[in-house]
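*Asks:* How does the following fold in three dimensions:
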Amino acid sequence: MKWKWLIVPLSLSLLLPAVKPMQPKAQASMLREPANNRPKDANEILSIHTPRRKLMSSLPKRSETKPENRWQLEDLFKDQKAWDQEYAEAKQQLKEIAAYEGKLDDPLQLKACFELEDEVSMRVERLYVYANMRHHEDMAEPSYQALSDKSKKLSVESGEALSFITPEVLSLTDEQLASFIKNPELSKFRQTLDEMLRQKAHILSKNEEMLLAQVGNVSQGPNTIFSMLNNADLKFPKVKDENGEEVELTHGRYIQFLESKNRDVRREGFKAMYETYGKLKNTLAATLNANVTKNVFYSRVRKHPSVLEMSLYGDNIPKEVYTNLIDTIHQHLPLMHRYMKLRKKLLKVDELHMYDLFAPLVDEFKMNIPYDEAKTTVKESLKPLGSDYLAALQDGFDNKWIDVYENEGKRSGAYSWGAYGTHPYVLLNHNDNLNSMFTLTHEMGHALHSYYSDSTLPYRDAQYTIFLAEVASTLNEALLMNYMLDKSVDPKEKMYLLTYYADQFRTTVFRQTMFAEFEKIIHEKVEQGESLTPQELSKIYYDLNVQYYGSDMVVDQDIEMEWARIPHFYTSFYVYKYATGFSAATSFSKQILEEGQPAVDRYLGFLKSGGSDYSINILKKAGVDMSSPEPISQAMSVFEDLIAQMEQLTEGK
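*Replies:* Okay, the predicted model is just below:
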């Protein structure tokens, strides 16, 4: 996934979207982060995506891995000497940028400043990406630890050196900015200037901005307190595992308890988790309330109608995208209820409880898929995207974009990353199983998105937003799943695949939308002057679970405390992007499979658009209008078809 960063005073960073890349873009896939490196609730939300690590008696050292299975970082820098030379040139350019301070009211000076800024940013990005990917090959290697630290310090220096640009441009009058936007000398920076002009209405006076900047660290308090409480101070009791042994419950082990075939293990793990949070409900409610209150403060100071609209303003996302998501999912809740009824039948239980949601519905269908076979299957599944896409994919397979297997000291998980001006890279820890094959196609989706964007667009326009980032990766997964379901003849295999896919809808669309609705409700209450007591938070959350899961689910009272353990609630109005991204990808896949070439052409246009326009416009041009209910409805039609196929396979059982 690519990220774009803007180095500005903290108070501005709460408002402004990333209009200029100041730090290395991070394309790491959020869905594929190792469990210890991503928000803890993602362990549960996306557990089906987490590759199970193959047990080995010992791992090979980096030097013992086969060269053909390693990525070729020499495409970035041929050797350390080349890196050192680039580093020295970047340091020199950082000194040169200061010459433009105080002169950005002149269009030619602004153009020269932007051009130098891009050169500096690209150099810093290459240096940072190379150093950290070397570090990820073997994180115990001291020379690469030092190189990584050196690159991070340079990134900070770069941010500091460039930090005057945005505030100085924002200090110009609306008339000056409008004239710059029309100036042909600044044509390649039009999107940047357009965005600055759009944001200007919510920028305060210089003294007010300085005051807000000074309270910026205080505003991080609720998140910091929750993080320390949740990750450092909170202690869980011991729970008996499937072998009857007392095992301490942890965030990481929680999902393993919920996935147990033993219902007693699931129930006891579930109760232990929420009883622990319940003992701290007053503190946790006060912390979440403080975070919401902080958000309301900033939205009012910034003259936004609500916190929701302030949060969406950065990416220029209409409020209707958020409300349509919730309303459309409400209309399709009978599908979720139908799936719960089917889950109850497949588990053969009299009552379906909340702790049964992650229990395996069918016995694991073990599929041995060697890496070469996984590449072939992925390529076959992506044939609907056309010969040009397949050629780029094959280029990645053949020319060492991918670091394939685990070795001693290698970073866990999987990601796609890279630097503008060279091809993207993919880090895997591949095992010969189904999960690893889906990880491969997911990360290559990110990589090909970056490849097309970077090949088509100038540097600052190439970097796509987080709102768009998971679309390309999830589309690849959808096409792979469709391919495997079409060719599957074994009913057990087919049921395993259908369950795998249906749970993605449950966790990534329905559950994330429920989270999004909870956030909307609690912010509206504080905006109306109400206080968020633990009783109120628990009632809101419990009632949403009853609504979303339906009458075939026994909604255990313990679930009312789940709000207390979701880290995303401290990054407010973010989780909806999981659901919209998944829905957009599902809509794309449906159009591609049904329409053929016209839909493929639109989709390739999307991949080539990077961040050259606002995210909602890029999707709309490609045939997915997220401001309408249609993409969500299309995703729901796919979900309905999955349920129907599962019901057909279970008839008579």
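*Asks:* Please count neighbours and contacts with C-alpha atoms only from this point.
*Replies:* Fine.
*Asks:* And Leu532, its phi and psi?
*Replies:* Backbone dihedrals for Leu532, given as degrees, to the nearest 10, come out at phi -100, psi 90.
*Asks:* distance of the closest residue in space to it that isn't next to it in sequence from Tyr322?
*Replies:* Distance criterion CA to CA, 6 or more residues apart in numbering; nearest residue to Leu532, sequence neighbours excluded, is Asn289 at 5.8 Å. According to CA to CA, to the nearest Å, Asn289 and Tyr322 sit 22 Å apart.
*Asks:* What are the contacting residues of stretch 470-490?
*Replies:* Stretch 470-490 is contacted from outside by 1, 29, 377-378, 381-382, 438, 441-446, 449, 494, 497-498, 501, 578, 581-582, 584-586, 588-589, 607, using CA atoms under 8 Å, 6 or more residues apart in numbering.
*Asks:* hmm, 7 Å instead?
*Replies:* 378, 381-382, 438, 441-443, 445-446, 449, 494, 581-582, 584-586, 589 (CA atoms under 7 Å, 6 or more residues apart in numbering).
*Asks:* Just the buried ones from these?
*Replies:* Neighbour-count burial (16 or more other CA atoms under 10 Å) is assigned, among the contacts of stretch 470-490, to 378, 381-382, 438, 441-443, 445-446, 449, 494, 581-582, 584-586, 589.
*Asks:* Restricted to helices, list the residues you listed.
*Replies:* Judged by DSSP state H, the subset of these located in helices is 378, 381, 438, 441-443, 445-446, 449, 494, 581-582, 584-586, 589.
*Asks:* what about the residue nearest to Leu532, neighbour count?
*Replies:* 21 (other CA atoms under 10 Å).
*Asks:* Check which helix or strand it maps to.
*Replies:* Assigning secondary structure by DSSP states H and E places Asn289 in helix 281-301.
*Asks:* mind saving the C-alpha coords of the following helix or strand past that helix as CSV?
*Replies:* Beyond helix 281-301 on the C-terminal side, the first helix or strand identified by DSSP H and E is helix 307-313. Output of helix 307-313 as CSV, limited to C-alpha atoms (Å, rounded to 0.1, in the frame of the first residue of the first chain):
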residue,chain,number,x,y,z
VAL,A,307,-16.2,15.3,13.0
LEU,A,308,-17.3,12.9,10.3
GLU,A,309,-17.1,15.6,7.6
MET,A,310,-13.8,16.8,8.9
SER,A,311,-12.4,13.3,8.7
LEU,A,312,-13.6,12.8,5.1
TYR,A,313,-12.6,16.2,4.0
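*Asks:* so what secondary structure elements neighbour helix 307-313?
*Replies:* Under the contact definition 3 or more CA pairs under 7 Å, 6 or more residues apart in numbering; DSSP states H and E, helix 307-313 sits against helix 281-301.
*Asks:* Let me know the average pLDDT across the helix it packs on.
*Replies:* Average pLDDT, helix 281-301: 96.
*Asks:* buried set for it?
*Replies:* Neighbour counts using 16+ other CA under 10 Å place 281, 283-296, 298-299 of helix 281-301 among the buried residues.
*Asks:* Sketch out the low-pLDDT regions of the chain for me.
*Replies:* Along the chain, the model assigns pLDDT under 70 to residues 1-57, 652-653.
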